[in-house]
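Trainee: Predicted model follows, preceded by the sequence.
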Number of protein chains: 2
Amino acid sequence: MSVVIYEVGPRDGLQNEPTLVPLEAKIAFVDALSNAGLSIIEVGAFVSPARVPAMADSAEVFAGITRRQGTRYAALVPNLVGLERAVNAKADFVAVFAAASEMFSQRNINHTIAESLDIYTSVVATAGTAGLQSRAYLSTAFGCPFEGRVPIPRVVQLTQRLLDLGAYEVAISDTIGVAHPEQVRRVLDAVLATVPADRLAVHFHDTRGMGVANVAVALQMGIRTIDSSAGGLGGCPYAPGATGNIATEDLLYLLSGLGSDTGVDAARVADASLAIEPVLGHSLPSRALQAEAAARRRAQPAQA
Amino acid sequence: MSVVIYEVGPRDGLQNEPTLVPLEAKIAFVDALSNAGLSIIEVGAFVSPARVPAMADSAEVFAGITRRQGTRYAALVPNLVGLERAVNAKADFVAVFAAASEMFSQRNINHTIAESLDIYTSVVATAGTAGLQSRAYLSTAFGCPFEGRVPIPRVVQLTQRLLDLGAYEVAISDTIGVAHPEQVRRVLDAVLATVPADRLAVHFHDTRGMGVANVAVALQMGIRTIDSSAGGLGGCPYAPGATGNIATEDLLYLLSGLGSDTGVDAARVADASLAIEPVLGHSLPSRALQAEAAARRRAQPAQA
């Protein structure tokens, strides 16, 4: 089984950390991740620097990284202005983000879902003209902090719309980390009735400890692109101590058990995570990372 | 689907915490867990106080708790002396612990596997005479810290032996938290070929983030008794920051998603965990607990 890990640590991860990470540390982080063999890294976002200060230096990060052959570097863009910045930064492709919940869409991106689809139609078309593919996130697909339950037919319909407007892939996303395995089965069952598995990815947060179990269900159902962040970086700005994306290290442990060859060196991903921890000033939540870190401490005799 | 949660926090959890928890806090913890509706709680262990100081006051814990109708209180016992102490403490049933790895058995309990089975034969028989059922743990069933891989046929054979000597249930245990879902499927497939599912439980540690995913597989395969500890209490004394047992809160979130009625009040389990946190001096690793704690902080306006 061949699985693609879509690494979101430098974007979804760092964007949600309370600490602003210096440019050099971001560049080193992305380079460490590409050197670990990750084939897709979402490097940054060309969004409003006023609203998302953590992503204000994304152009400088793109300019500073060492591009590794075999790795594609993505940028999140909200509109045509962001797309232009992404093109100038030489992003390999872009990602747009729609929501399955009307209230979340309006509060998060200040547009109704319908407005956002209009904007993304022109973004994806313009990106295509510039030779760039577009991925789409469908956020709050498993629940919304404002509306609660999100109807499955709406998730199916919006996934189809995002593909129809030209996205090569839709990441069905559990933005707030409420999904559980049975729900993942139900939602993916419905989506897969009309959409082929190779046009889908899944994006889980481990807020309630279900992340890896949710991925296991998605893999069983044929999904082969999984989002994760090194170290489980991210968290939620409103929930100190809560975890963010599922951790790349935990995902790699799962995939290794399944006999899947990802081409990613787990020890090097752990190196990348451990190097960013002191910059953030706290340990990262990945269980596999912490087990690896503890094993390294045991192997390393205490210094006199 | 009716699932029994076998709560091991007061025993497997506290036993592996670096902090010695005062008697009164232990009693309050057990009572909070029974009041949450948990139907089985492993309260303590009648082992050598010199080797396991954290369990030295287990008799006092048994004497101090308020017995709730509907909850059965268990004690871990290594031998006939321990059994006698458990009987005197009025434990409702006892648990013995064998290993699937020879080196782990010899280092952990100072007996070969064969010797331990001889001992448990008399422990289980004597317990039966006293009217007490016996559960058996089969530790290191998914891997050993000394031997590495553990052959599946040995797990099957020892499970059968433990049932044959009179245990009512065997908890197939991942002592060091290395199991992954595919391995769980393979091991349980082999065991279930000769043992009915209602004689089995599973006991996972979340050391590498696989705990909930492993439970999901076990549930799919018909296992209906799942071990967990409140808050994910436990950890490994050799791995600071590493997690212990899978968390009762995370398990409850999974089960709730599956529509399983456990009769357990998740908010009250969280109460029990949050009350023990300051005694231990650190946050507990359960993701669902931390999400719940963050939600409570948001609901509670900051004090002036």
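Mentor: Noted; the coordinates are in hand. Numbering: from 1, shown residues only, chains lettered A, B, ... in the order given.

Trainee: from the chain's centre, how far out does stretch A:136-145 sit?
Mentor: Centroid separation for stretch A:136-145 versus its chain: 13 Å, with C-alpha atoms, centre = their mean, to the nearest Å.

Trainee: How far does it stretch from one end to the other?
Mentor: Taking C-alpha to C-alpha, to the nearest Å, stretch A:136-145 runs 20 Å from one end to the other.

Trainee: Buried residues in that stretch, which are they?
Mentor: By neighbour count on 16 or more other C-beta atoms under 10 Å in any protein chain shown, the buried set for stretch A:136-145 is A:136, A:137, A:138, A:139, A:140, A:141, A:142, A:143, A:144, A:145. Glycine gets a C-beta too; all of them are placed from N, C-alpha and C.

Trainee: just so I have it, where are all the helices in chain A?
Mentor: Using DSSP state H, the helices found in chain A span residues A:14-15, A:23-35, A:58-64, A:80-88, A:102-109, A:113-129, A:152-164, A:181-192, A:211-220, A:248-257, A:266-280, A:287-299.

Trainee: got a markdown table for those, with mean pLDDT and mean neighbour count too?
Mentor: Compiled in a markdown table, the helices of chain A are given as follows (pLDDT from 0 to 100; neighbours: other C-beta atoms under 10 Å in any protein chain shown):
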| stretch | mean pLDDT | mean neighbour count |
| --- | --- | --- |
| helix A:14-15 | 94 | 25 |
| helix A:23-35 | 98 | 21 |
| helix A:58-64 | 98 | 19 |
| helix A:80-88 | 98 | 18 |
| helix A:102-109 | 91 | 18 |
| helix A:113-129 | 98 | 17 |
| helix A:152-164 | 98 | 18 |
| helix A:181-192 | 98 | 20 |
| helix A:211-220 | 98 | 25 |
| helix A:248-257 | 98 | 26 |
| helix A:266-280 | 97 | 20 |
| helix A:287-299 | 90 | 20 |
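
Trainee: can you put the ones you listed in TSV and add distance to residue B:106?
Mentor: Formatted as TSV, the entries for those read as follows, by distance: least, C-beta to C-beta, whole Å:
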stretch	distance to residue B:106
helix A:14-15	48
helix A:23-35	42
helix A:58-64	54
helix A:80-88	61
helix A:102-109	57
helix A:113-129	63
helix A:152-164	54
helix A:181-192	39
helix A:211-220	33
helix A:248-257	28
helix A:266-280	31
helix A:287-299	21
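
Trainee: among these, which is nearest residue B:93?
Mentor: Ranking the helices of chain A by their distance to residue B:93 (criterion: C-beta to C-beta) puts helix A:211-220 first, at 30.2 Å.

Trainee: what packs against the closest one?
Mentor: helix A:181-192, strand A:200-204, strand A:225-228, helix A:248-257, helix B:211-220 (3 or more C-beta pairs under 8 Å, 6 or more residues apart in numbering or on different chains; DSSP states H and E).

Trainee: Tell me how many other residues crowd the residue nearest to residue A:227 when sequence neighbours are not counted.
Mentor: Setting aside the residues directly before and after it, residue A:227 is nearest to residue A:203 in space (C-beta to C-beta, 6 or more residues apart in numbering or on different chains), at 3.9 Å. Residue A:203 sits with 23 neighbouring residues when counted by other C-beta atoms under 10 Å in any protein chain shown.

Trainee: Verify the contact between residue A:203 and residue A:174 for me.
Mentor: Yes: assessed by C-beta atoms under 8 Å, residue A:203 is found in contact with residue A:174 at 6.8 Å.

Trainee: Let me see the contact set for the nearest residue to residue A:58 once chain neighbours are set aside.
Mentor: Nearest residue to residue A:58 in three dimensions, chain neighbours excluded: residue A:44, at 2.8 Å (C-beta to C-beta, 6+ apart). Contact criterion C-beta atoms under 8 Å, 6 or more residues apart in numbering or on different chains gives A:10, A:11, A:26, A:55, A:57, A:58, A:59, A:61, A:62, A:75, A:76 as the residues in contact with residue A:44.
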